[in-house]
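K.L.:
the sequence and its predicted three-dimensional model are supplied below.
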Amino acid sequence: MTGFLEARPRVGYYYTGRTSGAQIIEKIKKLTVKDFQAIPVVVDRSSSVYDAIVTMFLEDVGTLFVVDQNSILTGVLSRKDLLRASIGNKDLHTLPVDIIMTRMPNITICYKDDTIHSVAKSLIEKQIDAVPVVRESEHGLEVIGRFTKTNFTRAIVDIMNNDMF
Ligand code: ADP
């Protein structure tokens, strides 16, 4: 029990209040997306690649989600998707994002009650930076959040700062 109990003269043994490494790991594994997710930045599927690039700069994000008129997820745009589309002579004002995006059903998603541990594993396995947080609606998957590598890093920093436990 090294570290958990300490002794003081005339007091005896007392509990130090420290949490074991195993307990901390169990707590981290229970953390869920809803407490760390960010606001999603979306563009309409009829937007031009030019408008998507401007949105990415103005909103200061690395991933945009593409939605239809009912806010239903239809695609994902990363920085490199937009860079790739910008190389060459295409007119970015007339090129719709719909042509270049990664589209459903090939999008990795998560739900607000998923653990950040499971979502972080998908980010690594799929080699992507972000996933949309979705909820099921009558039309399809509605985008309600964004969970990124930065959000996971923030969760770990919060834990190290002892904000969580
Ligand atoms: P970048 O391409 O800027 O390095 P990512 O690693 O996030 O950024 O994206 C790599 C590729 O994976 C891109 O083609 C992108 O459209 C796609 N992608 C990004 N996020 C997702 C996701 N949640 N689901 C499926 N594909 C995605």
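P.N.:
Done, it's in.

K.L.:
just give the nearest non-adjacent residue to residue 72, would you?
P.N.:
Of all residues not flanking residue 72 in the chain, residue 140 sits nearest, at 4.0 Å (C-beta to C-beta, 6 or more residues apart in numbering). Quick note: C-beta positions are derived from backbone N, CA and C, even for glycine.

K.L.:
number of residues surrounding that neighbour?
P.N.:
Residues contacting residue 140 under the criterion other C-beta atoms under 10 Å number 15.

K.L.:
contact partners for it?
P.N.:
With contact set as C-beta atoms under 8 Å, 6 or more residues apart in numbering, residue 140 has these partners: 70, 72, 73, 104.

K.L.:
tell me the buried residues within the residues you listed.
P.N.:
For the contacts of residue 140, a burial check counting by 16 or more other C-beta atoms under 10 Å picks out 72, 73.

K.L.:
in strands only, show me the contacts of residue 140.
P.N.:
Judged by DSSP state E, strands contain the following of these: residue 73.

K.L.:
which one in the contacts of residue 140 is the model shakiest on?
P.N.:
Ranked by pLDDT, these bottom out at residue 70, which scores 89.

K.L.:
give the contact list for that residue.
P.N.:
137, 139, 140, 142.

K.L.:
among those, name the buried ones.
P.N.:
residue 142.

K.L.:
next one: the residue nearest to residue 72 from residue 104, what distance?
P.N.:
8 Å (C-beta to C-beta, to the nearest Å).

K.L.:
can you give me the pLDDT of the residue nearest to residue 72?
P.N.:
95.

K.L.:
what's the distance between the residue most central in space within the chain and residue 90?
P.N.:
In the chain, the residue lying closest to the centroid (C-alpha atoms, centre = their mean) is residue 147, at 1.2 Å. The gap separating residue 147 from residue 90 is 31 Å, by C-beta to C-beta.

K.L.:
cool, residue 105 as well?
P.N.:
Distance from residue 105 to residue 90, by C-beta to C-beta: 27 Å.

K.L.:
residues from the protein in reach of the ligand?
P.N.:
63, 76, 78-81, 102, 106-108, 127-131 (C-beta under 6 Å from any ligand atom).
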